[in-house]
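Novice: What follows is a predicted structure for the sequence shown.
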Amino acid sequence: MREVQLHRIYRHFKGNYYLVEDVARDSETGAEVVIYRKLYGDGSLWVRPKDMFLEEVDRGKYPDCPQQYRFELVEIEQK
């Protein structure tokens, strides 16, 4: 089972990069949500249900997507 790694960079299947800030709980449902920051534009914070963050790309809608998951962890080499 995949888990969200905090303070790590993920690539969305459409190509942009995001920094995962934290995982929290929705006050109404108790469901876990991922809080992440855009690494482009205004750098704003976003939130998405954890299950959706970790889900596979919908192959019916995006048959040519090279990525397996909606968000995938990016490994950045240090020099």
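Specialist: It's in.
Novice: Next up, the contacts around the spatially most central residue of the chain.
Specialist: Nearest residue to the geometric centre of the chain (C-alpha atoms, centre = their mean): F71, 4.1 Å. Neighbouring residues of F71 by C-beta atoms under 8 Å, 6 or more residues apart in numbering: 10-13, 18, 53-54. For every residue, glycine as well, the C-beta is placed using N, CA and C.
Novice: R8 contacts Y18, doesn't it?
Specialist: No - counting by C-beta atoms under 8 Å, R8 does not reach Y18; the two are 9.7 Å apart.
Novice: Could you check which of the two is surrounded by more residues?
Specialist: Y18 (22 against 13; other C-beta atoms under 10 Å).
Novice: Now do the buried residues in the longest strand seen in the chain.
Specialist: Ranked by residue count under DSSP state E, the longest strand found in the chain is strand 17-25. Of all the residues in strand 17-25, those buried under the rule 16 or more other C-beta atoms under 10 Å are 18-20, 23.
Novice: what element comes up after that strand heading to the C-terminus?
Specialist: Next helix or strand after strand 17-25 toward the C-terminus (DSSP states H and E): strand 32-38.
Novice: if we can go back for a sec, the contacts of F71 into TSV, with extra columns for secondary structure and distance to Y36?
Specialist: Formatted as TSV, the contacts of F71 follow (DSSP: H, G, I helix; E, B strand; the rest coil; distance: C-beta to C-beta, whole Å):
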residue	secondary structure	distance to Y36
Y10	strand	7
R11	strand	12
H12	strand	10
F13	coil	14
Y18	strand	4
F53	helix	8
L54	helix	12
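Novice: With respect to W46, which of those is nearest?
Specialist: Among these, Y18 lies closest to W46 (C-beta to C-beta), at 7.5 Å.
Novice: The closest one and R37 touch, don't they?
Specialist: Yes - if you go by C-beta under 8 Å, Y18 and R37 touch, sitting 6.4 Å apart.
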